[in-house]
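**Q** Coordinates for the following, if possible.
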Amino acid sequence: METPGSLYLHVPFCPQVCPYCDFHKMRRHEGLVAAYLTRIEAEAEALAARWSGRLRTLYLGGGTPSHLDDAELSRVLGAVRRGWGGLGALETTLEADPGTFDAARAARWRDDGVTRVSIGMQSTQDAVLRFLGRSHSGAEALRAVEHALAAGLAVSLDVITAVPGQDVRADLAAAAASGAQHVSVYTLTIEPFTPFARRGVRVDEERAADDFELAESLLAANALERYEVSNHARPGFESHHNRVYWRGDGWLALGPSAAGFEPPDPDDPPGTRGVRTRNAPIKAWLAGEAPERTPVDGATLALELLMTGLRTREGVDARLVHARTGIDPFERYAPQVAAATAQGTLRRHGDRVVATRRGVMLLNAVLRPFFAAHDDA
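**A** Below you'll find the predicted structure:
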């Protein structure tokens, strides 16, 4: 694995805590933010000493990174610049809540080096937004898109589907008409221990499948093509950073609970092809606790590359998997590939295998036999 050229930076602070969210997040207070900024600067310096070089992509996720004020965000970006000599050469993305910025603030982000903003719109319908625990209105979300586009930023919108009482077609149509060049569509998922789980909120699986199909057809009709299971983009506006994850390339992690994927160290077990890292939650992270490290062997990485690659329009190149892992997936998973091909969920083109439209719809079921074969090996 090459030296990672991408960085994920986690900002855990949120204006409100949404009832469906299970990410590492919290309400801000000034003392905690001050401690966070000091620790980010120290962690960036130490991480850059280990893994130097210029960054191709930078992604500030959360939480709500736009909940930092301008001076705080400038400190965070400054720490990255000092460590790696600049921000993302291809792309620097900032996740933003519609209620946290206006036209002037979007222009400041652009001047500070941000090139792309991912806006958590979720819906344009006020009743749906209230149900989701969001504090912005549908009109504010669409104005946020206008502000970001006027500043010259590329815009990605998040939309949640399968929400009780939602007119999904209206939300998707509004997203397509907004001018955003990228739309991520996620089915409402009830994660354990979230407020929605405690309240017994349920998702209609048939409705979720219908919404999934509608998203593909409606967005494609508006030049937003699906290039990954949940992601749609106009040509040339696909997320460079997210492709790092899907291709299994390396990336670095900064901030509490941030996850990364690094090249192995000499002390790692023989056959290690990469190391998953996970930073501690904020209290232990502020105290300087070292990241948790999980070595990944060739067989495990090959399965992961299949899992993520089949989510994408490009599919999986068996030659690249073999070069990265030492495993030929067409040999290791010959019965599984043959069965899925016969069922019409996978299609093989020489050294490449892709999920068919039906396969994308049923991807979890398609992958289940691959996981079972890996566990039995």
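**Q** Domain parsing of the chain, as residue ranges.
**A** Domain ranges of the chain: 6-244, 299-376, per automatic domain parsing.
**Q** In stretch 141-148, which residues have enough neighbours to count as buried?
**A** Buried residues in stretch 141-148, counted by 16 or more other Cβ atoms under 10 Å: 141-142, 144-145, 147-148. Placement of C-beta: from N, CA and C, glycine included.
**Q** do the same with stretch 109-124
**A** Buried, per 16+ other Cβ under 10 Å, within stretch 109-124: 109-110, 112-124.
**Q** where in the stretch 251-377 of the chain is pLDDT low?
**A** 377 (pLDDT under 70).
**Q** Would you mind measuring from G315 to A299?
**A** In this structure, G315 and A299 are 20 Å apart, going by Cβ to Cβ, to the nearest Å.
**Q** cool, R81 as well?
**A** According to Cβ to Cβ, R81 and A299 sit 39 Å apart.
**Q** Tell me the buried residues in the helix ranked longest in the chain?
**A** Assignment by DSSP state H gives helix 30-50 as the longest helix of the chain. The neighbour-count check on helix 30-50 (16+ other Cβ under 10 Å) flags 32-33, 36-37, 39-41, 43-44, 47-48 as buried.
**Q** and it, C-alpha only, in PDB?
**A** In PDB, the C-alpha atoms belonging to helix 30-50 read as follows (Å, rounded to 0.1, in the frame of the first residue of the first chain):
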ATOM      1  CA  GLU A  30     -16.400  26.400  24.700                       C
ATOM      2  CA  GLY A  31     -14.000  24.500  27.100                       C
ATOM      3  CA  LEU A  32     -14.500  21.300  25.200                       C
ATOM      4  CA  VAL A  33     -14.000  22.900  21.800                       C
ATOM      5  CA  ALA A  34     -10.800  24.600  23.000                       C
ATOM      6  CA  ALA A  35      -9.400  21.300  24.200                       C
ATOM      7  CA  TYR A  36     -10.400  19.600  21.000                       C
ATOM      8  CA  LEU A  37      -8.600  22.200  18.900                       C
ATOM      9  CA  THR A  38      -5.400  21.900  20.900                       C
ATOM     10  CA  ARG A  39      -5.500  18.100  20.600                       C
ATOM     11  CA  ILE A  40      -6.200  18.200  16.900                       C
ATOM     12  CA  GLU A  41      -3.100  20.400  16.400                       C
ATOM     13  CA  ALA A  42      -0.900  18.000  18.400                       C
ATOM     14  CA  GLU A  43      -2.300  14.900  16.700                       C
ATOM     15  CA  ALA A  44      -1.900  16.400  13.200                       C
ATOM     16  CA  GLU A  45       1.700  17.200  13.900                       C
ATOM     17  CA  ALA A  46       2.400  13.700  15.200                       C
ATOM     18  CA  LEU A  47       0.500  11.900  12.400                       C
ATOM     19  CA  ALA A  48       2.200  14.000   9.700                       C
ATOM     20  CA  ALA A  49       5.600  13.100  11.200                       C
ATOM     21  CA  ARG A  50       4.700   9.500  10.500                       C
END
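**Q** for that helix, what is the average pLDDT?
**A** Mean pLDDT, computed over helix 30-50, is 95.
**Q** That helix packs against which elements?
**A** helix 70-84, strand 252-254, helix 282-286 (3 or more Cβ pairs under 8 Å, 6 or more residues apart in numbering; DSSP states H and E).
**Q** For the second one, enumerate the helices and strands it packs against.
**A** Judged by 3+ Cβ pairs under 8 Å, 6+ apart, strand 252-254 is in contact with strand 6-11, helix 30-50, strand 259-262.
**Q** hmm, try it at 10 Å
**A** Contact analysis of strand 252-254 by 3 or more Cβ pairs under 10 Å, 6 or more residues apart in numbering; DSSP states H and E lists strand 6-11, helix 30-50, strand 57-62, helix 70-84, strand 259-262, strand 272-278 as its packing neighbours.
**Q** Neighbour count: G315 and A299, which is higher?
**A** The residue with more neighbours, out of G315 and A299, is G315; 19 against 16, by other Cβ atoms under 10 Å.
**Q** helix/strand/coil for P270?
**A** coil (DSSP: H, G, I helix; E, B strand; the rest coil).
**Q** is it true that it touches D297?
**A** Yes - contact criterion Cβ atoms under 10 Å: P270 and D297 qualify, at 9.1 Å.
**Q** More neighbours: the two, which one.
**A** More neighbours surround D297 than the other of P270 and D297, with 17 against 7 (other Cβ under 10 Å).
**Q** That one against R276, yeah?
**A** No - using Cβ under 10 Å, D297 makes no contact with R276, being 11.6 Å away.
**Q** Pick out the residue closest to the middle of this structure.
**A** Central residue of the chain (Cα atoms, centre = their mean): N242, 5.8 Å from the mean position.
**Q** Compute the distance between that residue and P195, please.
**A** Relative to P195, N242 is positioned 28 Å away (Cβ to Cβ).
**Q** would you list the helices and strands packed on strand 252-254 in JSON lines and tack on distance to A104?
**A** Putting the helices and strands packed on strand 252-254 into JSON lines (distance: least, Cβ to Cβ, whole Å) gives the following:
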{"stretch": "strand 6-11", "distance to A104": "21"}
{"stretch": "helix 30-50", "distance to A104": "22"}
{"stretch": "strand 57-62", "distance to A104": "19"}
{"stretch": "helix 70-84", "distance to A104": "10"}
{"stretch": "strand 259-262", "distance to A104": "34"}
{"stretch": "strand 272-278", "distance to A104": "37"}
